[in-house]
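Participant: Fold the stuff below for me.
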Amino acid sequence: MDGWIRRNGTPNRRDRRYRSDVSSPVSTRTPTEIIIGKAKSFLTLTDRGLYCEPGGFYVDPWRPVDRAIVTHAHSDHACYGCRHYLGAETSRELFRLRLPPDAKYQFVRYGETISVGGVAVSLHPAGHILGSAMVRMEYRGYVALVTGDYKLGNDLTCQPFAPVRCDLMVTESTFGLPLYRWTDQQLTFDAINRWWQETKDEGRVSILYGYAVGKSQRLLSGLDPSIGTIYTHGAVEKGTQAYRDTGVLMPPTVPVAETQRGTSYAGSMVVAVPSAHGTPWMRRFGDASTAMASGWMTIRGARRRRAVDRGFVLSDHADWSGLLSAIAACGAEQVWVTHGYTAVLSRHLQSLGLDAAALTTRYGNEDEIDAVADASGAVTVGIKEQIV
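Facilitator: Prediction:
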């Protein structure tokens, strides 16, 4: 079982040897590690990430460790260089795309319970991207839930968020301010398709920016292919192929890299990563209208800072109402708030009578090294981008 467990719940006898792993849990803890209430000796925050001591594993570590349970395939949660990874079955293709080929992997179905060092572990749909999962851990009758990133609402490209009852909930807070409230995604898709049609009528190409894994595939699922041809940036196409290989229905796309020199893109849609904006790769498209899809488009001035023509509000994270609804549905009395507006959300939860605290982590930078082909066909690597 590659350093984890046998599915019948019998602990793997090799578990003990992994206690002397890439990072010794004892040696890596800092004086400011967080240990709260009943979670003491169960789940702690170290300088490598959240560590489950009885199980001998980390959840979404930000530095290489021996055993990591990973909530989803974005690089701020899926640390490259770990020896053993555990993830949801539907994340298999994305892990293969983004994590080291020589590591050991184990994948489990949503809701399947396995035993790791006496800790009952199961993964549950988070609704963030394909394969995203919340990690439920039960030890001696106490249940902790690490959500990773999540969203509520409809998304055809991944399973919806499923609340899990728990005592302790470790939640994100990317959009943890009351001003962030999402509209129905279909209204956003309708607006995007109207913009595309209008741009086509003007004889121009539409270029829509979204994160290569997750956001772009969600955007593709909402595009109307009857309007015209849909082209994709190379990084977007790789992520889209991983979705297809997992069984997610995607509209027909044409990788830009496979088009002939002199191709006319007028009237078409190009889905690209944000870091492609303003690069030589863009020159081939000629007269274009550009747009960004992100929760940050809620803020006045965000579109101007991105130097795009249009901004569409669409996020793969929960908004303010979604965060509060998810926390209430999980029934936790104790909440640790990570990456985002941690102070605001934790204070609000305290006002509701919950035992809430803000944690400092390294999540939130969904960085990706994009390969951007320039006009001559060369490849430039090393551009980092964040788009949520």
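
Participant: Quickly note the distance from the residue nearest the centre of the chain to Asn154.
Facilitator: What sits nearest the mean C-alpha location of the chain, by Cα atoms, centre = their mean, is His74, with 4.6 Å. Here the criterion is Cβ to Cβ, to the nearest Å. By it, His74 lies 21 Å from Asn154. No exception for glycine: its C-beta is placed from N, CA and C like everyone else's.

Participant: same thing with Tyr51?
Facilitator: Distance from Tyr51 to Asn154, counting by Cβ to Cβ: 35 Å.

Participant: Neighbour count: these two, which is higher?
Facilitator: Between Tyr51 and Asn154, Tyr51 has the larger neighbour count (other Cβ atoms under 10 Å), namely 23 against 10.

Participant: quick one: which helix or strand includes the more buried one?
Facilitator: strand 49-52 (DSSP states H and E).

Participant: So what touches that strand?
Facilitator: Residues outside strand 49-52 that contact it (Cβ atoms under 8 Å, 6 or more residues apart in numbering) are 25, 29, 42-45, 57-63, 65, 79, 116, 119, 137, 139, 146, 170, 361-362.

Participant: and what of stretch 354-365?
Facilitator: The contact list for stretch 354-365, computed with Cβ under 8 Å, 6+ apart, reads 34, 36-37, 45, 49-50, 60, 62, 76-77, 149, 170, 172, 174, 327, 332-340, 342-343, 345-347, 349-350, 386.

Participant: how about the helices in the stretch 201-350 of the chain?
Facilitator: Assigned by DSSP state H, counting those that start in this stretch, the helices in the stretch 201-350 of the chain fall at 215-222, 234-245, 302-306, 320-330, 342-351.

Participant: out of those, deepest packed?
Facilitator: Mean neighbour count (mean count of other Cβ atoms under 10 Å) peaks for helix 215-222 among the helices of the stretch 201-350 of the chain, with a mean of 24.

Participant: Now do that one and helix 234-245, the angle between them.
Facilitator: Following axes from the mean of the first three to the mean of the last three Cα atoms, to 10 degrees, one obtains 60 degrees for the angle between helix 215-222 and helix 234-245.

Participant: Averaged pLDDT, helix 215-222. What do you get?
Facilitator: The predicted model assigns helix 215-222 a mean pLDDT of 98.

Participant: In terms of secondary structure, what does that helix contact?
Facilitator: When contacts are defined as 3 or more Cβ pairs under 8 Å, 6 or more residues apart in numbering; DSSP states H and E, helix 215-222 packs onto helix 185-201, helix 234-245, strand 269-272.

Participant: Now the buried members of the contacts of stretch 354-365.
Facilitator: 34, 45, 49-50, 60, 62, 76-77, 149, 170, 172, 174, 327, 332, 334-340, 342, 345-346, 349 (16 or more other Cβ atoms under 10 Å).

Participant: Could you verify my assumption that Arg204 touches Ser289?
Facilitator: Yes. Between Arg204 and Ser289 there is a contact under Cβ atoms under 8 Å: 5.5 Å.

Participant: Look up phi and psi at Ser294.
Facilitator: Dihedral pair for Ser294: phi -170, psi 150, per degrees, to the nearest 10.

Participant: if I look at it, how far off is Gly286?
Facilitator: Separation of Ser294 from Gly286 (Cβ to Cβ) stands at 25 Å.

Participant: Between those two, which is the more surrounded one?
Facilitator: Neighbours per residue, other Cβ under 10 Å: of Ser294 and Gly286, the larger number sits with Ser294, 24 against 12.

Participant: ranges for the helices of the stretch 1-150 of the chain?
Facilitator: Using DSSP H, counting those that start in this stretch, the helices of the stretch 1-150 of the chain run over residues 25-28, 92-98.

Participant: need the least confident one among those, by mean pLDDT.
Facilitator: Among the helices of the stretch 1-150 of the chain, helix 25-28 carries the lowest mean pLDDT (a mean of 31).
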